[in-house]
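> sequence first, then the predicted structure:
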Amino acid sequence: KAGVTQTPRYLIKTRGQQVTLSCSPISGHRSVSWYQQTPGQGLQFLFEYFSETQRNKGNFPGRFSGRQFSNSRSEMNVSTLELGDSALYLCASSSWTSAYEQYFGPGTRLTVT
Amino acid sequence: GESVGLHLPTLSVQEGDNSIINCAYSNSASDYFIWYKQESGKGPQFIIDIRSNMDKRQGQRVTVLLNKTVKHLSLQIAATQPGDSAVYFCAENAGGTSYGKLTFGQGTILTVHP
C-alpha cells in the first residue's frame, strides 16, 4: 500500500504571498490531519478533515485553512505569509475506525523570506 | 499541554543496550497514547500505541508503559541498534470528539553509538 504523499516537498515563498500544499492519504483512509512542525513549538495540530468536513481545528489564525475532496485528498492554504510560518507541514491520514492511529507523509518544507 | 521544541532531551546509548524514553502527558482525560519515531528529513513513523485502560503493551523490541496516576508514559527499546537513532515523540489523543487531534510531546533525541 502506498504511503501518504505530499507535494511539493520544498517551497520558498515571500512574505505576503499565499501558498497551497497538497496531501494524498493512504488508499482507503478518509481522515486527514495537518500539523505544523517548528524547532520552537514542536509539532502542533492545525486541523482535521473527514469526508470533506472539518471536524477538528487547532489554535491557528484564520490565515490557515484547508479542505478535503471527495477522493479524500486534502489541501491546506496559508494566506498572507509571515516569516514565522516557515516550518515543516505534515499531513497524516487514518482510517475511520482508528482516527488516532495516524500515518504521516514526508512533509512540505516551507520557507518564507 | 503544548509541545515546546527548544532544547530537546537527549539519550545516548551503546548498541545492544536497552533504551528507555520518558514522556509526561498533560491531559488526564486522554484515552490513547502513541509513540512516533522521526528520522531526519522524514515524517513521524508510528511505533506503538496504548489505550488508557492498559498499563503495558509490547511490540517487536518495544514496550510501552503507562502510569495514569502520575501521567507518565515510557517507551522501552530492547537491544537498541544504530538504526534506532532518531527523535522520539509521544502523543496523546482524548478520544471521543477529538478524533484525529493528537497533542505531541517535545520529543527526545536518541543517539545509538556502534
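It's in. Since this is a predicted model, take the numbers as computed values, not measurements.
> okay, now the closest residue to residue B:16 other than its chain neighbours: neighbour count?
Once its chain neighbours are removed from consideration, residue B:16 has its nearest residue in residue B:79; the separation is 5.8 Å (Cβ to Cβ, 6 or more residues apart in numbering or on different chains). All C-beta spots, glycine's among them, are computed from the backbone N, C-alpha and C. Other residues near residue B:79 number 11, with proximity taken as other Cβ atoms under 10 Å in any protein chain shown.
> I'd like to know how far residue A:103 sits from residue A:90.
Relative to residue A:90, residue A:103 is positioned 11 Å away (criterion: Cβ to Cβ, to the nearest Å).
> the more surrounded of the two?
Between residue A:103 and residue A:90, counting by other Cβ under 10 Å, residue A:90 is the more crowded of the two (25 against 19).
> distance of that one relative to residue A:49?
14 Å.
> go on, residue B:39?
Distance of residue B:39 to residue A:49, computed by Cβ to Cβ: 27 Å.
> okay, those two: which has more neighbours?
Under the neighbour definition other Cβ under 10 Å, residue B:39 and residue A:49 were set side by side, and residue A:49 has more, 27 against 13.
> surely that one and residue A:32 touch.
Yes: the pair residue A:49 and residue A:32 passes the contact test of Cβ atoms under 8 Å, sitting 5.1 Å apart.
> flag every residue of chain B that's near chain A.
Selection of chain B residues close to chain A by Cβ under 8 Å from any Cβ of the partner chain yields B:2-6, B:32, B:34, B:36, B:41-46, B:49, B:89, B:91, B:93, B:95, B:97-107.
> 7 Å instead, please
B:3-6, B:32, B:34, B:42-44, B:46, B:49, B:89, B:93, B:98-104, B:106-107 (Cβ under 7 Å from any Cβ of the partner chain).
> give me the three-state assignment for the residue nearest the centre of chain A.
The centre of chain A sits closest to residue A:34, judged by Cα atoms, centre = their mean, with a distance of 3.3 Å. Going by DSSP: H, G, I helix; E, B strand; the rest coil, the secondary structure assigned to residue A:34 is strand.
> now the helices for chain A?
Listed in chain order, the helices found in chain A under DSSP state H amount to none.
> so where is it shaky, pLDDT-wise?
Applying pLDDT under 70 to chain A picks out residues A:1.
> and residue B:79, how far from chain A?
Shown here: residue B:79 relative to chain A, a distance of 26 Å by Cβ to the nearest Cβ, to the nearest Å.
> how many residues are close by residue B:75?
26.
> that one pairs with what?
residue B:21, residue B:64 (DSSP bridges).
> and if you look at residue A:12?
residue A:111.
> tell me the contacts of residue B:77?
For residue B:77, the contact set (Cβ atoms under 7 Å, 6 or more residues apart in numbering or on different chains) comprises B:18-19, B:61-62, B:84.
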